[in-house]
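Undergrad: A structural model of the following input is requested.
(one chain, ligands or ions: 1)
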Amino acid sequence: MEHSFSMGRFVITVLPGDGIGPEVTAEALRVLEAVGHRFGHQFEFHEALVGGAAIDATGSPLPPETLDRCRRSDAILLGAVGGPKWDDPAAPVRPEQGLLGLRKAFDLFANLRPVRAFSPLLHATPLKAGIVQGVDILFVRELTGGLYFGPRQEAGPDGEEAYDTMRYTRAEIERVVRLAARLAQGRRKKLTSVDKANVLAASRLWRRVTEAVVRREFPDLALEHILVDAFAMHLIRRPAVFDVVVTENMFGDILTDEAAVLAGSMGMLPSASLGEAPPGLFEPVHGSAPDIAGRDLANPIGAILSGALMLRYGFGLEAEARAIEQAVEAVLEAGYRTQDIADGEARVVGTKEMGEAIAQYIRSEA
Ligand code: NAD
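TA: Below you'll find the predicted structure:
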């Protein structure tokens, strides 16, 4: 791998994918170019195929050339994959296999999903503004173990029974909790671990290991354990009290979608999937939105903020990441809105104009 951080040069594989993927990725690149120019970094972008676009061109959702490109890069920036064209459940290959293949190839065991309520968008959530105000949560979801990957049986001997297994090892829990704890140290020093220790054996192990790792290695953190059912309720009652939240794969899947409501629109949310070493995978939370694809209607902010996560968690460039987040805030403050977050007073703009406004703000601050 050619990691060359010290020279201010970063090699990034760009996987635009399907639907609105290429549209939002183009805006993320526009903004990253502006950051590179302002802070004196060289971002080297190499585009490759993934998902449905890759199936059409090569028959595979993750062609070997794409994987090889990713292996030789410092980070991977992805748009979205999937769409009705490739939806046939009987098809031998599906676009999502591209994503799963990337997670597997780079052992991306931690999925980071920050959820922030931007003040100008408080109206866009169905919750009361007073509840959402000040929300700034970082979810860390375990991504490669637990219920989604444990032993399973689709049909019992008579076809009347099925089961899945939530299985974790100490090592799997330790690595994701350690990563979450490190992130909490760089924030408000509060870590919430979500489990179901009153019922599940895997959760009791999760709680024991979490307690031991944090007490031993991160004594400066305030650690709390909350049962998943209670947490689901607190998350919409008093979301602003949480900082970093770490949890098992399926619990994380469900809770992060619940939390997405706090940000106003799917189109606003970024994510990062990290392993022990680069490259990490950075992508907006939303899908390929075929209903609006190709019409300059998509909100590019989730993709642009994924670029900020790449700078922060992929390259350790905190000031640069903040510059993007501040630019997003400023542009929202100035009244720019894509149609998904529009309100009465807003200046409704398309994908490109939103991306350009954010890039322009970054350039103007230089
Ligand atoms: P979706 O996120 O694509 O769209 C859900 C709704 O949100 C749609 O009405 C869409 O127009 C809107 N939306 C999504 N992103 C938006 C944005 N940036 N700006 C404005 N509006 C936005 O989810 P879906 O409709 O369930 O799935 C569509 C396709 O995407 C499916 O093929 C699905 O498998 C795939 N998918 C991919 C990913 C991924 O690549 N990570 C994630 C979820 C779904």
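Undergrad: where exactly do the helices run in the stretch 151-300 of the chain?
TA: 170-185, 201-217, 228-237, 249-260 (DSSP state H, counting those that start in this stretch).
Undergrad: turn those into a markdown table, columns for mean neighbour count and distance to Ala162.
TA: Every C-beta, even on glycine, is put in place using the N, C-alpha and C of the backbone. Shown next, in a markdown table, are the helices of the stretch 151-300 of the chain (neighbours: other CB atoms under 10 Å; distance: least, CB to CB, whole Å):
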| stretch | mean neighbour count | distance to Ala162 |
| --- | --- | --- |
| helix 170-185 | 20 | 24 |
| helix 201-217 | 17 | 19 |
| helix 228-237 | 15 | 22 |
| helix 249-260 | 19 | 16 |
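Undergrad: pull the longest helix along the chain out as CSV, backbone CA atoms only.
TA: For the chain, the helix with the greatest residue count under DSSP state H is helix 21-39. Only the C-alpha atoms of helix 21-39 are listed here, as CSV (Å, rounded to 0.1, in the frame of the first residue of the first chain):
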residue,chain,number,x,y,z
GLY,A,21,-24.2,7.9,-6.6
PRO,A,22,-22.3,9.5,-9.4
GLU,A,23,-24.1,12.9,-8.9
VAL,A,24,-23.4,13.1,-5.1
THR,A,25,-19.8,11.8,-5.4
ALA,A,26,-19.0,14.4,-8.0
GLU,A,27,-19.9,17.1,-5.5
ALA,A,28,-17.9,15.5,-2.7
LEU,A,29,-14.9,15.6,-5.0
ARG,A,30,-15.5,19.2,-5.9
VAL,A,31,-15.4,20.0,-2.1
LEU,A,32,-12.3,17.9,-1.5
GLU,A,33,-10.5,19.7,-4.3
ALA,A,34,-11.3,23.0,-2.6
VAL,A,35,-10.0,21.7,0.7
GLY,A,36,-6.8,20.4,-1.0
HIS,A,37,-6.2,23.7,-2.6
ARG,A,38,-6.8,25.7,0.6
PHE,A,39,-4.7,23.5,2.9
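Undergrad: immediately after it, which helix or strand?
TA: Using DSSP states H and E, the helix or strand that follows helix 21-39 towards the C-terminus is strand 42-47.
Undergrad: who are the packing partners of that following strand?
TA: Other elements packing on strand 42-47 under the criterion 3 or more CB pairs under 8 Å, 6 or more residues apart in numbering; DSSP states H and E are strand 9-17, helix 21-39.
Undergrad: now the longest helix of the chain: buried residues?
TA: For helix 21-39, a neighbour-count test (16 or more other CB atoms under 10 Å) marks 21-32, 34-36 as buried.
Undergrad: what angle do strand 9-17 and it make with each other?
TA: 160 degrees (axes from the mean of the first three to the mean of the last three CA atoms, to 10 degrees).
Undergrad: packing partners of helix 21-39?
TA: Packed next to helix 21-39, using 3+ CB pairs under 8 Å, 6+ apart, are strand 9-17, strand 42-47, strand 75-80, helix 301-309, helix 318-333, helix 351-364.
Undergrad: please see if the fifth one touches the ligand.
TA: So that's helix 318-333. No - using CB under 6 Å from any ligand atom, we find that helix 318-333 stays clear of the ligand, coming within 13.5 Å at best.
Undergrad: what's the pLDDT at Val245?
TA: As predicted, Val245 sits at a pLDDT of 98.
Undergrad: just to revisit the earlier point, can you redo the helices and strands packed on strand 42-47 as TSV with mean pLDDT and distance to His123?
TA: TSV is the format used below for those (pLDDT from 0 to 100; distance: least, CB to CB, whole Å):
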stretch	mean pLDDT	distance to His123
strand 9-17	97	31
helix 21-39	98	23
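Undergrad: would you mind giving those as JSON lines with distance to Leu262 added?
TA: Shown next, in JSON lines, are the helices and strands packed on strand 42-47 (distance: least, CB to CB, whole Å):
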{"stretch": "strand 9-17", "distance to Leu262": "26"}
{"stretch": "helix 21-39", "distance to Leu262": "21"}
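Undergrad: reformat these as TSV; add distance to the ligand.
TA: Converted to TSV, the helices and strands packed on strand 42-47 look like this (distance: least, CB to the nearest ligand atom, whole Å):
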stretch	distance to the ligand
strand 9-17	6
helix 21-39	6
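Undergrad: any chance of the helices and strands packed on helix 21-39 in TSV with mean neighbour count and distance to Arg215 as columns?
TA: Below are those laid out as TSV (neighbours: other CB under 10 Å; distance: least, CB to CB, whole Å):
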stretch	mean neighbour count	distance to Arg215
strand 9-17	24	37
strand 42-47	15	40
strand 75-80	28	33
helix 301-309	28	29
helix 318-333	19	28
helix 351-364	20	42
